[in-house]
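K.L.:
Let me see the structure of the following:
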Amino acid sequence: MSYAVVWRENDGPARAGLAEVEDRCLALSKDRRVQYCDLADVYLERRSGGSASSRPALVLICHDGSRLQIESLEGLGALHELAGELVEARSTVAV
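P.N.:
As a prediction, this is how the structure comes out:
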């Protein structure tokens, strides 16, 4: 399944595109692939404030220390769905 997102890596520039949950990785706009086995942590981050940068985000922390922040353009429900799919796909690869 594909999700319309805005993502940032290590607080770099925002990129708009699609997040796609694949068999062994999460593909972000065909520019960046994150292998599930490379993920050290996955969590939802909620921030307060009224600006666009205060939207809830799915945060991926890789073993190499890189941090990806993913915000949904489709709403909070889609972000939770993406998080659930990612956690499920990650646990399937780990088995």
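
K.L.:
Who are the contact partners of the residue nearest the centre of the chain?
P.N.:
Using CA atoms, centre = their mean, the residue of the chain that lies closest to the mean C-alpha position is Ile70, 4.2 Å off. Contacts for Ile70 (CB atoms under 8 Å, 6 or more residues apart in numbering) come out as Val5, Val6, Trp7, Ala19, Leu28, Ala57, Leu58, Val59, Leu60, Leu79, Leu82. Quick note: C-beta positions are derived from backbone N, CA and C, even for glycine.

K.L.:
And the pLDDT at the fourth one?
P.N.:
At Ala19 the predicted local distance difference test score is 96.

K.L.:
Check the third one too.
P.N.:
pLDDT for Trp7: 95.

K.L.:
which residues does it bridge with?
P.N.:
Per DSSP bridges, the residues bridged to Trp7 are Arg15, Ile70.

K.L.:
how many neighbours does it have?
P.N.:
23 (other CB atoms under 10 Å).

K.L.:
May I see the ChimeraX selection of the buried members of the contacts of Ile70?
P.N.:
Only the buried members of these enter the following ChimeraX selection, criterion being 16 or more other CB atoms under 10 Å:
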select :5,6,7,19,28,57,58,60,79,82
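
K.L.:
No more questions from me, cheers.
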